[in-house]
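*Asks:* Sequence first, then the predicted structure:
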Amino acid sequence: MATRIPIRRRRRTKIVATLGPASATPEMIERLFRAGADVFRLNFSHGTHEDHAARIATIRALEQKVGRPIGILADVQGPKLRVGQFRGGRVQLQTGQPFRLDLSPTPGDVRRVQLPHPEIIQAAQIGTSLLLDDGKLRLRVTHRREDHLETEIVVGGPLSDRKGVNVPDVVLPIPALTAKDRADLAFVLEIGIEYVGLSFVQRPEDVAEAKAIADGRALIMVKLEKPQALDNLDAIIALTDCVMVARGDLGVELPPEEVPLAQKRIVRAARAAGRPVVVATQMLESMIAAPSPTRAEASDVATAVFDGADAVMLSAETAAGQYPYEAVNMMDRIVARVEQDPGWRQLTDAARPEPEPSSAGAIAAAARQVAHTIGAEVIATFTSTGSTTLRVARERPDCPILGLTSSEEAARRLAVVWGVHPLMTQELHSMTDMVAKALRAAQAEGFAGRGEEVVVTAGVPFGTPGTTNALRVATVK
């Protein structure tokens with residue numbers, strides 16, 4: 001990479017910014033990065049492969065310009081369940097009236113419409129709820145036949161062509177990856193990105209399928225947006241690499257009062273397993289059209305930070321909004337301010353999970369404790385895959401974490417991880433070399449000055465993935 005420009009975040013929680021029409025130019029992407037974006041999300045529900053390839057090339061060029069690793073998240077669409085079309089484009093459904101969902105492509109009316117998903121018809125039971133148009137309308141199944149469902153309209157309203165269908169009560173026999181997703185995956189894995197966002201996850205098998213396709217070329221970030229995923233939460237988190245609390249669809253399929261509790265549960269489980277966790281959707285929603293957020297939105301971002309999320313995400317605010325730069329800048333300000341509050345540190349310490357029952361987990365926990373006891377300025381971690389740095393980040397130390405690696409891929413993957421300042425360095429040859437490189441990096445990056453102490457941790461033998469077994473304390477000379 002190029003000669004590094006002094007860019008050091010004043011916060012531990014990372015920011016993910018979605019790119020789109022409002023943020024497609026190289027100038028805007030650089031502005032968003034300098035304002036605080038650590039990872040850029042590409043939403044494959046929109047845009048062509050050519051569009052996304054151009055944005056990836058822009059991010060890589062920016063990375064070379066600033067000399068900093070930047071992560072890229074390719075968020076694949078997943079199966080989209082929708083009703084068919086209506087004569088005239090829309091109808092008004094009345095509460096209490098019957099309504100049929102069938103397989104016929106004939107345009108619908110106030111009595112029926114196509115549901116081009118036989119899997120839903122087969123999986124539904126009497127009493128199953130169907131939510132239409134992001135939950136604005138609710139139907140209840142009264143009869144099930146081979147080729148259609150008879151329902152009662154519980155909550156009516158206007159319904160137009162191709163509106164979405166959610167089925168919160170049932171595990172649907174639908175794979176998380178569609179043919180489009182597989183084509184998108186092949187494209188991004190060939191071009192090279194860090195994370196794949198996996199939509200519509202219901203079961204551990206969905207994660208295993210995506211991981212087999214990625215084959216180590218990208219990390220899998222499961223989007224938890226289905227109630228069925230919460231029923232399999234621990235098994236899903238154990239298989240995945242990263243987690244996203246996708247509150248959009250989760251908020252449709254769960255009652256609103258359940259969403260904050262689900263968010264906290266997911267963050268706790270991911271923290272305990274040492275998986276980076278991102279809180280996403282509608283965080284600064286009003287900034288799509290306004291230069292400042294509501295006070296409630298600022299509190300929502302703060303809650304995610306207090307919960308211990310590794311990162312918070314902006315969606316339409318930066319992809320299609322009128323104020324993409326202001327949204328990232330505001331997110332950065334809110335996160336930084338929360339992390340200055342003594343209550344944030346108290347909650348972070350109180351929520352720390354027990355150390356992992358392994359020598360690597362013990363070393364990571366010891367690095368945090370030693371750094372706290374001696375007042376070290378930074379913990380320098382040497383890693384070939386990112387695992388050593390992840391373990392230390394799981395402990396949420398008082399001081400920043402330098403994620404030192406000779407792997408460009410690992411450095412980019414650490415961009416989403418709490419408290420980590422990823423940095424490229426040369427391969428190690430000895431413990432003496434390790435300490436010398438750590439001290440030089442800590443001083444050059446502005447983390448420690450002469451006479452200040454640095455805690456250094458790594459796996460020995462060097463370059464062997466998964467071994468965190470060395471801990472040293474050194475002083476900058």
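*Replies:* Great, that's in hand. Numbers count the residues shown, from 1 in each chain.

*Asks:* Domain-wise, how is the chain divided?
*Replies:* When the chain is parsed with automatic domain parsing, its domains come out as 14-78+175-341, 90-166, 359-475.

*Asks:* Now do the same for the first one: mean pLDDT, whole number.
*Replies:* Confidence over domain 14-78+175-341, taken as the mean pLDDT, stands at 97.

*Asks:* Please state the offset of that domain from the chain centre?
*Replies:* Averaging C-alpha positions (CA atoms, centre = their mean, to the nearest Å) puts domain 14-78+175-341 4 Å from its chain's average.

*Asks:* What of the shortest one?
*Replies:* Averaged C-alpha coordinates place domain 90-166 at 32 Å from its chain's average position (CA atoms, centre = their mean).

*Asks:* Same check on stretch 458-474?
*Replies:* On CA atoms, centre = their mean, the centre of stretch 458-474 falls 28 Å from the chain's centre.

*Asks:* Also stretch 420-440?
*Replies:* Per CA atoms, centre = their mean, the centroid offset for stretch 420-440 relative to its chain is 29 Å.

*Asks:* quick one: terminal-to-terminal distance for that stretch?
*Replies:* Using CA to CA, to the nearest Å, one end of stretch 420-440 lies 17 Å from the other.

*Asks:* quick one on the thing from earlier: make CSV from the domains of the chain and add distance to residue 8 and mean neighbour count to it.
*Replies:* From N, CA and C alone the C-beta is placed, and that goes for glycine too. Shown next, in CSV, are the domains of the chain (distance: least, CB to CB, whole Å; neighbours: other CB atoms under 10 Å):
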stretch, distance to residue 8, mean neighbour count
domain 14-78+175-341, 10, 20
domain 90-166, 40, 16
domain 359-475, 6, 20
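
*Asks:* how about CSV for those, with distance to residue 7 added?
*Replies:* Shown next, in CSV, are the domains of the chain (distance: least, CB to CB, whole Å):
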stretch, distance to residue 7
domain 14-78+175-341, 6
domain 90-166, 38
domain 359-475, 9
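
*Asks:* Now do the strands in the stretch 1-150 of the chain.
*Replies:* Taking DSSP state E, counting those that start in this stretch as the test, the strands found in the stretch 1-150 of the chain are 14-19, 39-43, 71-75, 90-93, 98-102, 112-114, 129-132, 137-144, 148-155.

*Asks:* so which of these comes closest to residue 383?
*Replies:* In terms of CB to CB, the element of the strands of the stretch 1-150 of the chain nearest to residue 383 is strand 71-75, at 15.3 Å.

*Asks:* how about the strands of the stretch 1-150 of the chain, which one is nearest residue 467?
*Replies:* Residue 467 lies closest, by CB to CB, to one member of those: strand 71-75, at 24.4 Å.

*Asks:* what angle sits between that closest one and strand 39-43?
*Replies:* 20 degrees (axes from the mean of the first three to the mean of the last three CA atoms, to 10 degrees).

*Asks:* what are the pairing partners of strand 71-75, and which direction each?
*Replies:* Strand pairing for strand 71-75, determined by DSSP bridges: strand 39-43 (parallel), strand 195-198 (parallel).

*Asks:* okay, residue 369: pLDDT?
*Replies:* For residue 369, the predicted pLDDT is 97.

*Asks:* Next, give phi and psi for it.
*Replies:* The phi and psi torsions at residue 369 (degrees, to the nearest 10) take the values phi -70, psi -40.

*Asks:* that older thread, between the domains of the chain, which gets nearest to residue 348?
*Replies:* Minimum separation from residue 348 across these (CB to CB) falls at domain 359-475, 5.0 Å.

*Asks:* Can you get me the start-to-end distance on the closest one?
*Replies:* So domain 359-475: terminal residues 25 Å apart, CA to CA.

*Asks:* Across the sheet, point out what pairs with the nearest residue to residue 240 once chain neighbours are set aside.
*Replies:* In this structure, residue 240 finds its nearest non-sequential neighbour in residue 222, 4.5 Å apart by CB to CB, 6 or more residues apart in numbering. Beta-bridge pairing for residue 222 (DSSP bridges): residue 198, residue 243.
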